[in-house]
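**Student:** Got a sequence here, can you build the structure:
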Amino acid sequence: MKLVIGSDHGGYELKQSLIRYLGELGHAPVDFGTHSADPVDYPDFAFLVAAAVANGEFPVGIIVDGAGIGSSIVANKLPGVRASLCNDLFAARNAREHNHANVLTLGSRIIGEGLAKEIVKTWLATEPCPRHERRINKIRDLETQLYRLS
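**Tutor:** Just a heads-up that it's a prediction; the model follows:
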């Protein structure tokens, strides 16, 4: 699957490990940075990944920061992005099946490398369930209304 990945400095090491793991799973992730553990601001990289999903360049994206919360907040500001912070396998499955999440955020200081890999594998393998499309359409309608107002 074509996907984009990014991180801030707090998520850099886990991102590097996930890039290798994604390759083992047969994916070829495109790394939008950061490219070192030097301090950077998570909104910059979360925005890059989310924008690439929002504009259709990539179907899904993964963002890693220290807690995963900030990147999720940033990503969800973009219309068409449904970012999900997942700290366990149930959330990963639910986010994809029920919420049709297209961006996964992870907190490198919350979960370990092994669990992060299992979350990524589960999240990518889970298909959005058509039964929930009515609710996803309501989210899309809200985005349309809100962005028309601004």
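
**Student:** which SSE is the spatially closest residue to Cys86 that is not a sequence neighbour in?
**Tutor:** Closest residue to Cys86 apart from its sequence neighbours, by Cβ to Cβ, 6 or more residues apart in numbering: Ala92 at 4.4 Å. C-betas here are computed from N, CA, C, even on glycine. Following DSSP states H and E, one finds Ala92 within helix 89-97.

**Student:** what's that helix packed up against?
**Tutor:** When contacts are defined as 3 or more Cβ pairs under 8 Å, 6 or more residues apart in numbering; DSSP states H and E, helix 89-97 packs onto strand 83-85, helix 113-125.

**Student:** What are the contacting residues of the next helix or strand after it?
**Tutor:** Remark: after helix 89-97, the chain's next helix or strand is strand 103-107, criterion DSSP H and E. Strand 103-107 has contacts (Cβ atoms under 8 Å, 6 or more residues apart in numbering) with 11, 14, 46, 49-50, 53, 60-69, 71-72, 75, 81-87, 92, 95, 116, 119-120, 123.

**Student:** quick one: strand 103-107 to chain centroid distance?
**Tutor:** 4 Å (Cα atoms, centre = their mean, to the nearest Å).

**Student:** what is the rounded mean pLDDT of that strand?
**Tutor:** Confidence for strand 103-107, expressed as mean pLDDT, is 99.
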